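> test case, fold it:
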Amino acid sequence: MPAFAANSISASSPTGDVEMAQDFVTTPDGVEIFYKDWGPKDAQPIVFHHGWPLSADDWDPQMLFFVQKGYRVIAHDRRGHGRSTQVSDGHDMDHYAADVAAMMDKLDLRNSVHIGHSTGGGEAVAYVARKGQDRATKLLILGAVPPLMVKTDANPGGLPIEVFDGFRATLAANRAQFYIDIPAGPFYGFNREGATVIEGHINNWWRQGMMGGAKAHYDGIKAFSETDFTEDLKKIEIPTLVMHGDDDQIVPFADSAPLAAKLLKNGTLKVYEGYPHGFMTIYPDEINADMLAFIES
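Model (predicted):
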């Protein structure tokens with residue numbers, strides 16, 4: 001397969017000054033990774049890493065915001081997710097980081113900012129630490145899974161493995177219903193008293209999830225819950241903003257963000273009182289402004 005698929009789409013904006021494109025990059029092990037690439041090619045790139053089991057589309061509010069600020073914005077669908085190949089294997093952080101590296105190399109992206117949410121926060125940490133130290137200048141992780149989600153002797157505050165076994169069993173039994181229950185409940189905090197339920201967010205979450213492959217999503221639970229990012233965090237030297245809602249019901253705050261910030265050489269912790277896991281979707285104006293301020297600082 002060629003490095004870029006023949007059915008790529010590219011178009012200019014009505015003013016002719018912003019290019020919008022989508023395409024695929026083929027990884028060394030033959031997986032086609034879908035990505036979208038908007039904005040001037042000579043602008044500073046911002047690379048977005050999505051959460052489980054979603055796609056690049058989860059970042060649309062942020063991509064539209066930053067491209068209008070003059071940045072080049074890139075987001076990909078993780079292997080097995082969205083429009084990328086529904087491959088059977090390689091659903092682990094090593095492969096996730098290598099897939100990002102393949103895209104970064106093909107597009108020759110340098111001086112890049114990486115923004116990751118949830119599992120994508122783990123992917124961004126893994127990429128920067130293992131592959132991208134010479135290409136990245138700043139890192140932002142939101143509601144992210146590092147340092148380690150599962151409970152172990154070294155991580156007594158983590159979630160019991162039975163929680164993630166339950167995820168796997170529920171996914172295998174009825175993935176379509178599971179992908180309604182998550183966004184309708186804890187992901188956006190719609191299960192909290194007084195919450196304003198936004199059906200469009202629930203439907204969009206379901207749409208993105210069902211685009212991907214069940215095998216990738218099943219295996220991905222182990223990747224996001226059992227990967228220990230401690231050593232990765234210690235290796236990262238670039239400025240990193242750790243953003244987390246303290247009412248996160250998916251990645252509990254106490255065992256994630258403050259621990260990750262302490263392990264980073266140049267980390268800053270920003271806590272959002274009462275905000276849920278999917279807070280960048282529920283409160284995009286505030287979150288986008290905070291991210292822009294950090295990137296431009």
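> give me the neighbour count for I161.
For I161, the count of nearby residues is 14 (other Cβ atoms under 10 Å). C-beta here means a position set from N, CA and C on the backbone, and glycine is covered the same way.
> so what's the residue nearest to it when sequence neighbours are not counted bridging to?
Excluding the flanking residues, the one nearest I161 by Cβ to Cβ, 6 or more residues apart in numbering is V150, at 5.7 Å. On the basis of DSSP bridges, V150 takes part in beta bridges with L159.
> from A102, how far out is V150?
Separation of V150 from A102 (Cβ to Cβ, to the nearest Å): 28 Å.
> please apply the same query to R175.
Per Cβ to Cβ, R175 is found 28 Å from A102.
> now do the SS call for L233.
helix (DSSP: H, G, I helix; E, B strand; the rest coil).
> gap between it and I115?
On the measure of Cβ to Cβ, L233 and I115 end up 16 Å apart.
> please, where are all the helices along the stretch 1-150 of the chain?
60-68, 93-107, 119-130 (DSSP state H, counting those that start in this stretch).
> tell me which residues in stretch 80-94 are buried?
Judged by neighbour count using 16 or more other Cβ atoms under 10 Å, the buried positions of stretch 80-94 are 80-87, 90-93.
> more crowded one of R175 and A102?
Neighbour comparison, R175 and A102: the larger count goes to A102, with 20 against 16 (by other Cβ under 10 Å).
> check the spacing between the closest residue in space to the more buried one that isn't next to it in sequence and M104 real quick.
In space, and not counting its chain neighbours, A102 is closest to T27: 4.7 Å by Cβ to Cβ, 6+ apart. T27 is 12 Å from M104, where distance means Cβ to Cβ.
> what's the answer for A261, then?
25 Å.
> who has more neighbours, the two?
M104 (22 against 19).
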